[in-house]
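Chemist: Structure of the sequence below:
(3 chains)
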Amino acid sequence: MQFLTRKNGIYTIATLLTYALLQGLNSAGLLSNYVLFIVMVGLTNAILTVSLNVITGFTGQFSLGHAGFMAIGAYVSAMFSKLIFDIGPATPFAMREPTFLASLLAGALAAALAAYLIGIPTLRLKGDYLAIATLGFNQVVIVLFNNLDFVGGPRGFTAIPKLTNFTWVTLLTVGSVLVMRNFVWSIYGSQCVAIREDEVAAESLGVNTARYKNLAFTLASFFAGLAGGLLAHLLQLAHPSQFTFLKSIDILLMLVVGGMASIPGSIIAAIALTILPEVLRFSQDLRLVIYPVILIIFVLYNPLPRIKHITDQVWRRARTALADGNGR
Amino acid sequence: MHRIPRVVSIPVLIAFLASAFFTSCGGQEAQEIKIGSVAPLTGPISTYGQSHKNAVDLAVEQVNEQGGLLGRTVVVIHEDSQGDPLIGANATQKLIEQDHVVAIVGPIPSKVGMAAAPIAEEAEIPIVVTGTNPDITPGKDFVFRSCWTDDFQGLVMAKFAYEELGATSAAILYDLGNDYAKSVSEIFAETFEELGGMITTIETHPTDAIDFRAQLTNIKATSPDVFFFPDFYNDANLIGRQAREVGLEAQFLGADGWDSPDLDLATLDGAYYTSHFSKEDPRAETRAFVEAYTEKYGAEPDLLAIMGYDAALTALDAIRRAESTDGEAIRAAMAATSNLAAAQGDISFNENGDPTTLPAAICRSRMALLSTS
Amino acid sequence: MEQLLSQLINGIQVGTIYALIALGYTMVYGIIKLINFAHGDLIMIGSYVAYLSIVYLAVPFPVASLLAMLVCGLGGVLMDRIAYKPLRNQPRLYALVTAMGVSLFLENGARTLPFIGPGFRRFPDVITTQNYAVTPNVVVTNIQVFNIVVAVVLMAILQYVIKRTKIGMAMRAVSQDSDAARLMGINVDFVIAVTFAIGGILAGAAGILMSVAYPRLSPYMGIVPGLKAFVAAVFGGIGNIPGAMVGGLIMGIVETFATAAYSQVAEGIFFVVLIAVLLFRPTGLLGEPTAEKV
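Modeler: Residues are numbered from 1 along each chain as shown, chains lettered A, B, ... in the order given. As a prediction, this is how the structure comes out:
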């Protein structure tokens, strides 16, 4: 695969610029921590949505338990950073950042392991049955953490050191998206897409469907765990109620709004749907009604392509006018 | 010239949306003192949030009627937490960063308080929480509390059951997803056993359960003297009713989560529960609060109202004594609060920021009330 | 032993309610392969309609129940017309998302209505509780009996409609192969509407039964029962009507016994049992393994 394409270059520059812009504004005190907080949450949601996309959009497996893996990542990474590494305000920079990364990795690996183990038996199920099984798994995880007193039980896991910052979130989001994108557009990814398109045909063509379904599932859950860890170290709290199937459904909604199998779509939708409830804060009660209505309209009438179409037209006219103006 | 690729739309979108926020910052009214309040104004426990909001508004109104603080009007900005820790954390951030409040009142329930407290601590804005989870305050200088903790009320009820009611066996049922119910239950069990009683069985139920017959049938088979179920009032109503249907004849006991006008008095007639205040307390400040609240809102205040009121009172009092709106000054004044005559009782803070001298009331539903400290 | 019997009765009561709700899910799925996430909220609507008519309009209980069931039936049809029909030819996931949107809209919309409001409402006691002692230690209430009897009667009526009426035959045909049914002259859209209506009526009935047994109403009251019933429907084999009934009953009993045995992790046990059964019967308890045509 070619890495040094023009398109990739533009993506990279755009990302770097945005990062620099936001970070700079925040350091200068012009952009509040509140806004940055929301952007960070939005980016973790982006990781979650893209990873769900790998399972559902690219491999066609309907999973309703994504938040369960997020929970595992959150709790395990917090266990490492708080209990094992005991990171605190006194820990020097050189010790803190690598151990933070190690904790995150531990959480992500735990999530991936859980996914692998769960996947072996359950990925045999099809469609809605898989959905129910994954939903069941999600709820089992919640019950588990509610009962584990050493991680707080229903009190939640508190006083997690605040190690997440904008730099980390950006780096890890970019890294995650890159890995997942490369996976999906690689030979492995095409096997997964084959499974999505027609599992029987794929099997008959020699695709080891069980293996690739499990691979996609495990990979995606790794990143879900990573996102969970990031969020736990941002909020300084991991509470079972944050990871119920309702959260799984939230992620699914972001996925669908952004477009199945569209990675940029997933990212934009995740960030937009994170910011939207905050923007609608002023409307209090009504906000909870407006949000689903917007969602329904989006799904029913699919305005994004239409809007894109209109903006394309406008852009084309503008360019023609400019070209004309410059003479030929 | 090549088309600007649409990928640029991603960072542009982010930057645009982000900038839409910071334009609302600045332009602060120099003549107002702003305090913030975070409560579940929408969501499953929104009635609690409403009580809190009402009470805080009342406190602020009273202060303004007497000329405000430091010669300025006090304004309170309410934000909704929906009872969710993440949303509550966002709300707290917004109050601090966008609205530049000098103190924060709330949030409840405790899990939102756990998420919000570190944010206020880091920003050095004093916050007076109204949740009962003991872990919220220790180790933080800017975090205070306007009510007692779960440890206390579990203890009070256990002693009451053993000593006053003469109970020797108790069964417990609580919501396992509710940290508050769990910690009260645990302290109750511990204290009751220390006193010499026996806990016959401890059952739990998931948060949104409506059918408790399975657990109640179990409990009935152990014939306890008292049955302690410290959930919120809406669960308590259902549990009590089903307990009667199943034929459980123990004395019902509850905790401050029962204190609400919606408590089903018919079903729970004769039950006892702990609360932060009793409506018939003759103490002057309590009476004044109950009357003022009832007059303004046409309904009697519940425990959330009184906690919210006292939280606001504490914050306003600290600002007045600090004679400034600087976070550190207010914090120092608040830590030095001594015997502030609040609606629940007199407030003085210990080194954790918890009030040490607030009484608990034991209320009997529908009948006459007893008060114990 | 007596405790076992008590718990069994508890389980059956809960199970029949799940069964009624599961039927709605399964019928809609059988016919258009859609999981109607908003189905649980019809329970809520039925309950509130009954509540409002009894409390504000002084309508007697039986009439209020019928009214509630009718409104829910209508609600089901409306849901289909407005939100699902436009997406009939799209990938199923879109209709699913719309369904979730409808569900959120109904829940939060109900909250904002002043006569429903965000707090809990207490359903009036329309049946005074009376305990019957089957044996000295096993107590059954008249409400439990009422619950079970009504649910069974409704399910029997449904079976009759499905097996013995023309519309029932049409419904079976459409769920088997909607294109062939269309070729046979069946008005598929009408049949789908009827399916939603029946599902809605059953959900409304479930709402009434729930409100009588557990008299606490809230805008979110339909979420958890809806979810559990959905699980029950899949457990019994989604799209399979006897499967939904059996699934509902079994899940109710499993849940009750799990709670009685080990209430701390009962919810976990519930789902573990579900997953375990699915692993052995991947298309549900009574679902037929569908051969895939290549």
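Chemist: all contacts plus neighbour counts: C-alpha atoms, from now on.
Modeler: OK.
Chemist: Mind listing what's buried along stretch B:134-148?
Modeler: For stretch B:134-148, a neighbour-count test (16 or more other CA atoms under 10 Å in any protein chain shown) marks B:134, B:136-137, B:140-148 as buried.
Chemist: Secondary structure, distance to chain A and pLDDT added to those residues, as CSV?
Modeler: Formatted as CSV, the buried residues of stretch B:134-148 follow (DSSP: H, G, I helix; E, B strand; the rest coil; distance: CA to the nearest CA, whole Å; pLDDT from 0 to 100):
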residue, secondary structure, distance to chain A, pLDDT
B:134, coil, 10, 76
B:136, coil, 9, 80
B:137, coil, 11, 80
B:140, coil, 11, 80
B:141, coil, 15, 81
B:142, coil, 15, 85
B:143, strand, 14, 86
B:144, strand, 17, 85
B:145, strand, 17, 83
B:146, coil, 20, 82
B:147, coil, 18, 79
B:148, coil, 17, 76
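Chemist: Quick check: of the residues you listed, which lies closest to chain C?
Modeler: Comparing those against chain C with CA to the nearest CA places residue B:134 closest, at 23.0 Å.
Chemist: residues near residue A:25, how many?
Modeler: By the criterion of other CA atoms under 10 Å in any protein chain shown, residue A:25 has 15 neighbours.
Chemist: Get me the contact residues on the stretch 151-300 of chain B for chain A.
Modeler: B:176-180, B:182 (CA under 8 Å from any CA of the partner chain).
Chemist: Briefly note if stretch B:82-94 comes near chain C.
Modeler: No - Stretch B:82-94 lies out of reach of chain C by CA under 8 Å from any CA, never closer than 11.5 Å.
Chemist: got a list of contacts for that stretch?
Modeler: Residues from elsewhere that reach stretch B:82-94 (CA atoms under 8 Å, 6 or more residues apart in numbering or on different chains): A:33-34, A:37-38, A:235, A:242, B:38-46, B:79-81, B:107-109, B:111-116, B:119-120.
Chemist: From those, which land in strands?
Modeler: B:38-39, B:79-80 (DSSP state E).
Chemist: what's the pLDDT at residue B:341?
Modeler: Looking at residue B:341, its pLDDT reads 73.
Chemist: In contact with it, which residues?
Modeler: B:285, B:347.
Chemist: From chain A, how far off is it?
Modeler: Using CA to the nearest CA, to the nearest Å, residue B:341 is found at 31 Å from chain A.
Chemist: of the residues of the stretch 151-300 of chain B next to chain A, closest to chain C?
Modeler: Top of the list for closeness to chain C, among these and by CA to the nearest CA, is residue B:176 at 7.1 Å.
Chemist: Quick check on the closest one: phi, psi?
Modeler: With angles defined as degrees, to the nearest 10, residue B:176 sits at phi -80, psi -10.
Chemist: didn't it look like it was pressed against residue B:205?
Modeler: Yes - here residue B:176 reaches residue B:205: they are 5.8 Å apart, a contact under CA atoms under 8 Å.
Chemist: number of nearby residues for residue B:97?
Modeler: Residue B:97 - counted by other CA under 10 Å - has 19 other residues nearby.
Chemist: doesn't residue A:31 make contact with it?
Modeler: No - using CA under 8 Å, residue B:97 is not in contact with residue A:31, being 9.3 Å away.
Chemist: need the residues of the stretch 101-250 of chain C near chain A, please.
Modeler: Residues of the stretch 101-250 of chain C lying close to chain A (CA under 8 Å from any CA) are C:101-102, C:104-105, C:108-109, C:112, C:231, C:234.
Chemist: let's see 6 Å
Modeler: With the criterion set to CA under 6 Å from any CA of the partner chain, the stretch 101-250 of chain C comes near chain A through C:101, C:105, C:108-109.
Chemist: Relative to residue C:36, how far out is the residue in the stretch 101-250 of chain C positioned nearest to chain A?
Modeler: For the stretch 101-250 of chain C, the residue closest to chain A is residue C:101, as judged by CA to the nearest CA, at 4.8 Å. Residue C:101 sits 11 Å away from residue C:36, going by CA to CA, to the nearest Å.
Chemist: Over to residue A:5?
Modeler: Counting by CA to CA, the gap from residue A:5 to residue C:36 is 45 Å.
Chemist: who has more neighbours, these two?
Modeler: For residue A:5 and residue C:36, the more surrounded residue by other CA under 10 Å is residue C:36, and the numbers stand at 27 against 9.
Chemist: Can you point out the helix or strand that includes residue A:29?
Modeler: Residue A:29 belongs to no helix or strand when elements are defined using DSSP states H and E.
Chemist: hmm, back to that, which of the residues of the stretch 101-250 of chain C next to chain A fall within helices?
Modeler: Members of those lying in helices (criterion: DSSP state H): C:101, C:105, C:108-109.
Chemist: I'd like the next helix or strand past the helix ranked longest in chain A.
Modeler: Counting by DSSP H, the longest helix found in chain A is helix A:93-122. For helix A:93-122, the following helix or strand on the C-terminal side (DSSP H and E) is helix A:127-147.
Chemist: How about the backbone phi and psi for the residue in chain C that chain B sits nearest to?
Modeler: Relative to chain B, the nearest point of chain C is residue C:260 (5.0 Å; CA to the nearest CA). Backbone torsions of residue C:260, given as degrees, to the nearest 10, read phi -70, psi -40.
Chemist: got a list of what it touches?
Modeler: When the contact criterion is CA atoms under 6 Å, 6 or more residues apart in numbering or on different chains, the partners of residue C:260 are B:214-215.
Chemist: what ranges do the strands span in chain B?
Modeler: B:32-39, B:73-80, B:103-105, B:127-129, B:143-145, B:169-175, B:198-205, B:226-228, B:251-254, B:272-275, B:340-341, B:346-347, B:360-364, B:370-372.
Chemist: Please identify the most buried of the ones you listed.
Modeler: Mean neighbour count (mean count of other CA atoms under 10 Å in any protein chain shown) peaks for strand B:127-129 among these, with a mean of 33.
Chemist: pLDDT-wise, which helix or strand of chain C ranks last?
Modeler: Least confident helix or strand of chain C, by mean pLDDT, DSSP states H and E, is strand C:131-135 with a mean of 76.
Chemist: contacts for it?
Modeler: C:139-141.
Chemist: Check stretch B:246-261 too.
Modeler: Outside stretch B:246-261, the residues that touch it by CA under 6 Å, 6+ apart are B:220, B:225-230, B:232-233, B:271-275, B:302.
Chemist: okay, the contacts of strand C:131-135 in TSV with pLDDT, neighbour count and secondary structure next?
Modeler: Shown next, in TSV, are these (pLDDT from 0 to 100; neighbours: other CA atoms under 10 Å in any protein chain shown; DSSP: H, G, I helix; E, B strand; the rest coil):
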residue	pLDDT	neighbour count	secondary structure
C:139	78	21	strand
C:140	82	20	strand
C:141	84	18	strand
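Chemist: would you turn those residues into CSV with distance to chain B?
Modeler: What follows is the contacts of strand C:131-135, written out as CSV (distance: CA to the nearest CA, whole Å):
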residue, distance to chain B
C:139, 6
C:140, 8
C:141, 7
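Chemist: tell me which of these is nearest to residue C:192?
Modeler: residue C:141 (38.3 Å; CA to CA).
Chemist: Let me know whether that closest one touches residue C:147 as I believe.
Modeler: No - assessed by CA atoms under 6 Å, residue C:141 is found out of contact with residue C:147, at 9.9 Å.
Chemist: Can you show me the CA trace of the helix or strand that contains residue A:190 as PDB?
Modeler: Element membership for residue A:190, per DSSP H and E: helix A:187-197. Taking Å, rounded to 0.1, in the frame of the first residue of the first chain, the C-alpha atoms of helix A:187-197 are listed here in PDB:
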ATOM      1  CA  ILE A 187      -6.600  -8.000   2.000                       C
ATOM      2  CA  TYR A 188      -7.900  -8.900   5.400                       C
ATOM      3  CA  GLY A 189     -10.500  -6.300   5.100                       C
ATOM      4  CA  SER A 190     -11.700  -7.400   1.800                       C
ATOM      5  CA  GLN A 191     -12.300 -10.900   3.300                       C
ATOM      6  CA  CYS A 192     -14.500  -9.200   5.800                       C
ATOM      7  CA  VAL A 193     -16.400  -7.300   3.200                       C
ATOM      8  CA  ALA A 194     -16.900 -10.600   1.300                       C
ATOM      9  CA  ILE A 195     -18.400 -12.000   4.500                       C
ATOM     10  CA  ARG A 196     -20.700  -9.000   4.700                       C
ATOM     11  CA  GLU A 197     -21.900  -9.300   1.100                       C
END
